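A.B. asks: here is a sequence with its predicted model. Questions after.
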Amino acid sequence: MTSRTTTRTRTGLLATAAAAVLAVTATGPATAAPASASTAGPAAHVRFFAHLDVNGGQRPENITLEPGGSAVVTFAYNRQVARITPDGRVHVLATLPAPPAGSVTPALTSPFLGGIVRSHDGTLYFLYATGSSDLTGLWRLRPGGTPQRIAALPATGLPNGLALDENAGVLYAADSVLGTVWRVPVTGGAPTAWSTAPELAADGFLGANGLKVHHGAVWVSNLDRGTVLRIPVTRHGTAGDVQIRATGLVDIDDFAFTGRGDTLLAAINKDNEVARVEPGGRHTAVLTAADGLQGPTSLAVRGTTAYVASAAYFTNDDPNLLAARIVPGE
């Protein structure tokens, strides 16, 4: 998710990109950067999975992975869900309906296609915000099917990060404007405001943003406050007390865990960085603009490979998808 354009001091990020990224990934071919790209190209430990068409509006907001090696992304302002194959080709799977004339999406104005997840059977779930009550909410796309809204969410909000708990049969959605985590059955239906804790609220622009289910808890990033939050899921399925697990990550967008432990990688959108966040909250910049990042918005991890989507919201140059080898966190 894009951040407000302000000048501020980066807090707590270390200057060296050390042990998190080790070697060239074997997933996806290396490709040359387009002549317009402002960066010199990635370092030896990173490869471009794909360069995308900035003029065609191919700005990846969120990402989920498929077993065959492809990635599925949302193009936020194109209202599209697209598959990117390992050879870098883009295949549009669905285009969401345009909102009624006069609709204004909260905080962003334009229609916004946000978080996306994939179930084991290939069904895709994603969030769409338009400022109109007929379209805003949780959508589903089954293989070979057409997109269908399965749960309405408030048109006054901005549903953004999305996570799936297949064991419990529910999805969680972070609303960046309303400061709410919604819980929705995978079958669809009425959403529940699962948490409205004050730590989820915005502080001028956007609050709750990225979201993951991990080790019996819902983890949420807060873009304005630069925090990573852990909210335990109680045995009754309700939200426990919020725990602040990291601070000083202003403009944090999405994040992904590097393994079974609590170490995670965080996309720091405006700073063109990915930070490795240790379980105690210490964080270090491990990828930067020198590696090809252009406003990273989201990450996905499979095994020892991290995939980073850059939307180039601020550089307006080379939206892309990078792949890098990582050390799984403890």
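C.D. replies: Received the coordinates, thanks. Numbering: from 1, shown residues only.
A.B. asks: mind checking the SS state of the residue nearest to residue 122 when sequence neighbours are not counted?
C.D. replies: In this structure, residue 122 finds its nearest non-sequential neighbour in residue 143, 4.4 Å apart by Cβ to Cβ, 6 or more residues apart in numbering. Bear in mind the C-beta positions are built from the backbone N, C-alpha and C, glycine included. Three-state call for residue 143 (DSSP: H, G, I helix; E, B strand; the rest coil): coil.
A.B. asks: tell me how far residue 143 lies from residue 118.
C.D. replies: 10 Å (Cβ to Cβ, to the nearest Å).
A.B. asks: neighbour-wise, which of those two wins?
C.D. replies: residue 118 (18 against 9; other Cβ atoms under 10 Å).
A.B. asks: okay, and the beta partners of the more buried one?
C.D. replies: For residue 118, the beta-bridge partners are residue 124 (DSSP bridges).
A.B. asks: point out where the stretch 201-330 of the chain drops to low pLDDT.
C.D. replies: Filtered on pLDDT under 70, the stretch 201-330 of the chain yields the residue ranges 329-330.
A.B. asks: quick one on the thing from earlier: joint contacts of residue 143 and residue 118?
C.D. replies: Common contacts of residue 143 and residue 118 (Cβ atoms under 8 Å, 6 or more residues apart in numbering): none found.
A.B. asks: on that earlier part again, what sits against the residue nearest to residue 122?
C.D. replies: By Cβ under 8 Å, 6+ apart, the contact set of residue 143 is 121-123.
A.B. asks: which of these count as buried?
C.D. replies: Not one of the contacts of residue 143 meets the buried threshold, by 16 or more other Cβ atoms under 10 Å.
A.B. asks: can you redo those as TSV with pLDDT and distance to residue 134?
C.D. replies: As requested, the contacts of residue 143 are arranged in TSV below (pLDDT from 0 to 100; distance: Cβ to Cβ, whole Å):
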residue	pLDDT	distance to residue 134
121	97	28
122	98	27
123	98	23
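A.B. asks: check those against residue 151 and report the nearest one.
C.D. replies: Relative to residue 151, the closest of the contacts of residue 143 is residue 123; by Cβ to Cβ it sits at 14.2 Å.
A.B. asks: wait, doesn't that closest one sit right on residue 141?
C.D. replies: Yes - counting by Cβ atoms under 8 Å, residue 141 is a contact partner of residue 123 at 7.0 Å.
A.B. asks: shared neighbours, these two?
C.D. replies: Joint contacts of residue 123 and residue 141 (Cβ under 8 Å, 6+ apart) do not exist.
A.B. asks: secondary structure element for the closest residue to residue 100 other than its chain neighbours, which one?
C.D. replies: The shortest distance from residue 100 to any non-neighbouring residue, by Cβ to Cβ, 6+ apart, is to residue 132 (5.4 Å). Assigned by DSSP states H and E, residue 132 falls within no helix or strand.
A.B. asks: what's the distance between residue 132 and residue 78?
C.D. replies: Going from residue 132 to residue 78 by Cβ to Cβ gives 18 Å.
A.B. asks: please name the nearest non-neighbouring residue to residue 274.
C.D. replies: Closest to residue 274 by Cβ to Cβ, 6+ apart is residue 287, at 4.0 Å.
A.B. asks: how many residues are close by the one you found?
C.D. replies: Neighbours of residue 287 (other Cβ under 10 Å): 30.
A.B. asks: please apply the same query to residue 91.
C.D. replies: Neighbours of residue 91 (other Cβ under 10 Å): 10.
A.B. asks: phi, psi of it?
C.D. replies: phi -130, psi 110 (degrees, to the nearest 10).
A.B. asks: any idea which element residue 280 lies in?
C.D. replies: Per DSSP H and E, there is no helix or strand for residue 280.
A.B. asks: picking up where we left off before, how much space between the residue nearest to residue 122 and residue 219?
C.D. replies: 29 Å.
A.B. asks: so how many other residues sit close to residue 166?
C.D. replies: Residue 166 - counted by other Cβ under 10 Å - has 13 other residues nearby.
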